[in-house]
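okay, predicted coordinates and the sequence, questions at the end:
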Amino acid sequence: MKQERTIIGSMLLLQIILWLGFLVHRSPAFPGSLAGVIIAILAALLMTIPAFIYSATKHFPSFKEKITKYFSLGKMLSWHVYTSIIGAIFAIIHTGHRFESNLGIWLTVTMMLSVLSGFVGRYFLSYSSTEIKEKQAELNLLATEYNQLLKVVGQPVSESVNIANPPINSLAGTKITESGNNSFLGVRAVQLTESIADLEYAIKTQQLLKRRTLGWLTVHIVSSIAFYVLLILHIWSAIHFGLRFLK
């Protein structure tokens, strides 16, 4: 998952860089050229077919039963993620940075919003969940050690210190006294308290970020639907008004 997140994150960064290319580059003739149209067709196929197959597999049990005999749902989701980001990169190239019509502008906006929200849902939330689980496990270990330490400190000195083999003071290289041992345990208790407080704060922060990004699915669905509607209109307008390379 970590390697996949790095790859997709790099591709998403590439898409954003390509989109920002309109600041230094414009090619009005490229979108309607033969090369531009071929790239547009590839982009549309990559962004629609895997997405529709994954959606149908996820929501229709009969179709899911047939398709999952050959491909797992997780594998299909990975294909959907990869093909969508590659298709989006092709789509940006297809534009030639010719952002002149409202339809083209909104098509690009909804496409990038759909890809970005999908990335957040697929990787950021799963990363947050993993981080919370790991920090919670570490917190449980520290809490257990802290509770055991309190029990030892609360015992009589003769019970809390092994007189036959007392601990070594690593700084002075001598045997520490019983009172010194209690002092050492007290310092360790303070350290554990600080570590526990830091972990609890980190967990609360991760949980807050996770709650605030839970709306990613709604954003992803709405932006994706808007993108597909605009894509159909874009294809229709391209065919209706004619392709430049055919003239």
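Structure received. Since we're looking at a predicted model, the values are computed, not measured. Residues are numbered from 1 along each chain as shown.

helices of this protein, start to end?
2-19, 34-59, 61-67, 73-95, 102-119, 125-154, 157-160, 178-212, 216-241 (DSSP state H).

where in this protein is pLDDT low?
1-2, 153-186, 242-247 (pLDDT under 70).

could you rerun that using 90?
The model of the chain has pLDDT under 90 over residues 1-37, 51, 54-78, 80-81, 94-105, 116-221, 234-247.

residue 25: which of the helices of the chain is closest?
Taking C-beta to C-beta, helix 2-19 is the member of these nearest to residue 25, at 9.8 Å. Every residue, glycine included, has its C-beta placed from N, CA and C.

so what touches that closest one?
In this structure, residues lying in contact with helix 2-19 by C-beta atoms under 8 Å, 6 or more residues apart in numbering are 78, 81-82, 85-86, 88-89, 92-93, 108, 112, 115-116, 119, 122-123, 127.

residue contacts, the closest residue to residue 224 other than its chain neighbours?
Take residue 224 and drop its neighbours on the chain: the residue closest to it by C-beta to C-beta, 6 or more residues apart in numbering is residue 114, 4.6 Å away. With contact set as C-beta under 8 Å, 6+ apart, residue 114 has these partners: 84, 220, 223, 224, 227.

try 6 Å this time
Counting by C-beta atoms under 6 Å, 6 or more residues apart in numbering, residue 114 makes contact with 223, 224, 227.

if I pick the first one, what's in contact with it?
Put plainly, it is residue 223. 110, 113, 114.

ok, now with 8 Å
By C-beta under 8 Å, 6+ apart, residue 223 lies in contact with 110, 113, 114, 117.

and the gap between the residue nearest to residue 92 when sequence neighbours are not counted and residue 94?
Excluding its sequence neighbours, the residue lying closest to residue 92 (C-beta to C-beta, 6+ apart) is residue 18, at 4.5 Å. Residue 18 sits 11 Å away from residue 94, going by C-beta to C-beta, to the nearest Å.

the more surrounded of the two?
Remark: of residue 18 and residue 94, residue 94 carries more neighbours, 22 against 18, as counted by other C-beta atoms under 10 Å.

correct me, but that one touches residue 43?
Yes: counting by C-beta atoms under 8 Å, residue 43 is a contact partner of residue 94 at 5.9 Å.

of the contacts of residue 114, closest to residue 189?
residue 223 (51.3 Å).

who's in contact with the nearest residue to residue 53 once chain neighbours are set aside?
Nearest residue to residue 53 in three dimensions, chain neighbours excluded: residue 76, at 6.7 Å (C-beta to C-beta, 6+ apart). Residues counted as contacts of residue 76 (C-beta under 8 Å, 6+ apart) are 50, 53, 54, 57, 67.

thanks a lot, catch you later.
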